[in-house]
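S.K.: Model the following, please.
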Amino acid sequence: QLLKPHTNDPFFSQQWAINNNGLLWSSDADMDVDDAWIHSTGSGIKVAIIDEGVDLTHPDLINNLLPGFDATGNNSNGAPNANNNDAHGTACAGIVAAVANNNIGISGIAYNAKIIPVRIAYSNSNGDWVTNNNWIANGITWAVQNGADILSNSWGGGSPSTAITNAINYAVNSGRSGKGCTVLFSTGNFNTNVAYPATLPNVIAVGASSPCDQRKTPSSCDGETWWGSNFGSALDVVATGVKIYATDITGSNGYDGGDYNSHFNGTSSACPNAAGVAALALSINPNFSQNQIREILEKSAEKVGGYDYTTTFGKLNGTWNSEMGHGRLNALNAVIRAKDFD
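M.R.: Numbering: from 1, shown residues only. Below is the predicted model of the structure:
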């Protein structure tokens, strides 16, 4: 009988994506992450957060941060513009690898993995991203050249870019000494078709599931009526994406004016949840290729929500549905499949 590991982090009980204790939501809509920790906590894996920067001094992140990069030319080493509340990347980083068992805050999905903060954008006064295709491509390329195993990208939209696509191809094909980096992208939050770059066939397109284990829609059970997870033929998997506890820029800056954000959401939160699960699986065997990690994630996803999952042309790793992809990720299933992989 294996004992379940636990954590002393005070907000852990609110992290329903890790373990839904029934207090927050009625269904078993979590990703069984705490069960997966018996097998893997992400040790040895480096996850690049390609975003608007990560708070480099956050007490719940600092021990898991590696040197970063600022592709915008502002020489921040991967830190955000704190006084402009550029907190998006900090939230994503905490979801993946906030330090566990330190008596503060939250626990990351892969809490022994390391974060590489890569800043590709900053917000203007309207909250819109200032970026360009070359910054993004340079950030992705730098992450690959500096040892990233997994690239978590909670952004998208806009016209396809040759520079960005080439950088992604470089990551997938040449990263990790030819084994390839696992590149994940959020699908978008407009309740419509998947947005570029998540449309690229060699990335893992991550949509968001609701606390009732269905595709997050404007009418799903969480009450967030203003958004829905993009879906359709390019969707690969979904992960929890509503009311996700995350790290925030410390002090008065950021989303919430404290050091944590209790309601980070969107496919922006689903993507790092998926990246964390990928890190748990890759930690089982760091020699897995990016294609093997995709196979593990897709074949181990749960066919939830009452949808009709069918054999679909071009979807090689089991049955699929246009709203949920191969299903909602399950960390325990993923690490067990990684252990048994042949």
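S.K.: Outside of stretch 301-314 itself, list whatever touches it.
M.R.: Contacts to stretch 301-314, defined as C-beta atoms under 8 Å, 6 or more residues apart in numbering, come from residues 29, 209, 213-215, 237-238, 318-321, 323-330, 333. From N, CA and C alone the C-beta is placed, and that goes for glycine too.
S.K.: List the residues that contact D51.
M.R.: Contacts of D51 were listed using C-beta under 8 Å, 6+ apart, and they are H88, G89, C92, P117, V118, R119, I120, A121, N153, S154, W155.
S.K.: Neighbour count, pLDDT and distance to S289 added to these, as a markdown table?
M.R.: A markdown table is the format used below for these (neighbours: other C-beta atoms under 10 Å; pLDDT from 0 to 100; distance: C-beta to C-beta, whole Å):
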| residue | neighbour count | pLDDT | distance to S289 |
| --- | --- | --- | --- |
| H88 | 28 | 97 | 30 |
| G89 | 32 | 98 | 27 |
| C92 | 32 | 98 | 24 |
| P117 | 30 | 98 | 25 |
| V118 | 29 | 98 | 22 |
| R119 | 29 | 98 | 28 |
| I120 | 29 | 98 | 26 |
| A121 | 25 | 97 | 30 |
| N153 | 30 | 98 | 19 |
| S154 | 26 | 98 | 24 |
| W155 | 25 | 98 | 25 |
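S.K.: among the residues you listed, which two are most distant?
M.R.: Pairwise distances across those (C-beta to C-beta) peak at 14.3 Å, for the pair P117 and W155.
S.K.: quick one on the thing from earlier: if any of the contacts of stretch 301-314 are buried, put those into a ChimeraX selection.
M.R.: Buried subset of the contacts of stretch 301-314, written as a ChimeraX selection, criterion 16 or more other C-beta atoms under 10 Å:
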select :29,209,213,214,215,237,238,318,320,321,323,324,325,326,327,328,329,330,333
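S.K.: Among the contacts of stretch 301-314, which ones are in helices?
M.R.: If you go by DSSP state H, the contacts of stretch 301-314 have N333 in helices.
S.K.: now, which of the contacts of stretch 301-314 lie within strands?
M.R.: Under the assignment DSSP state E, the contacts of stretch 301-314 contribute S209, V237, V238 to strands.
S.K.: Mind listing the residues bridging to the first one?
M.R.: The bridge-partner assignment for S209, based on DSSP bridges, gives R215, T240.
S.K.: begin at 62 from here
M.R.: Yes, from this point I'll number from 62; that puts the last item at S270.
S.K.: do you know how far the residue lying closest to T202 once chain neighbours are set aside is from G166?
M.R.: Nearest residue to T202, sequence neighbours excluded (C-beta to C-beta, 6 or more residues apart in numbering): A228, at 5.1 Å. Separation of A228 from G166 (C-beta to C-beta, to the nearest Å) stands at 33 Å.
S.K.: do W203 as well
M.R.: 28 Å.
S.K.: List the residues that contact I211.
M.R.: I211 makes contact with I106, K107, V108, A109, C242, T243, V244, L245, A336, A339, A340, L343, according to C-beta under 8 Å, 6+ apart.
S.K.: Most neighbours among those, which one?
M.R.: Of all these, A339 has the most neighbours under the rule other C-beta atoms under 10 Å, reaching 35 neighbours.
S.K.: if I've got this straight, that one is in a helix?
M.R.: Yes. Under DSSP: H, G, I helix; E, B strand; the rest coil, A339 sits within a helix.
S.K.: now the helices: where do they sit in the stretch 162-311 of the chain?
M.R.: The residue ranges that make up the helices of the stretch 162-311 of the chain, judged by DSSP state H, counting those that start in this stretch, are 194-206, 223-235.
S.K.: so where's the stretch 162-311 of the chain uncertain?
M.R.: In the prediction, the stretch 162-311 of the chain carries no residues with pLDDT under 70.
S.K.: try 90 this time
M.R.: Along the stretch 162-311 of the chain, segments meeting pLDDT under 90 span 186-188, 219.
S.K.: for it, what spans make up the strands?
M.R.: For the stretch 162-311 of the chain, applying DSSP state E, counting those that start in this stretch gives strands covering 175-180, 183-184, 190-191, 211-214, 243-247, 265-270, 298-301, 305-308.
S.K.: circling back to that earlier point, deepest-packed of the helices of the stretch 162-311 of the chain, please.
M.R.: helix 194-206 (a mean of 22; mean count of other C-beta atoms under 10 Å).
S.K.: ok, the most centrally placed residue in the chain - contacts?
M.R.: Nearest to the geometric centre of the chain sits P333, at 1.3 Å (C-alpha atoms, centre = their mean). Contacts for P333 (C-beta under 8 Å, 6+ apart) come out as I110, C153, A154, I156, V157, I170, S213, S215.
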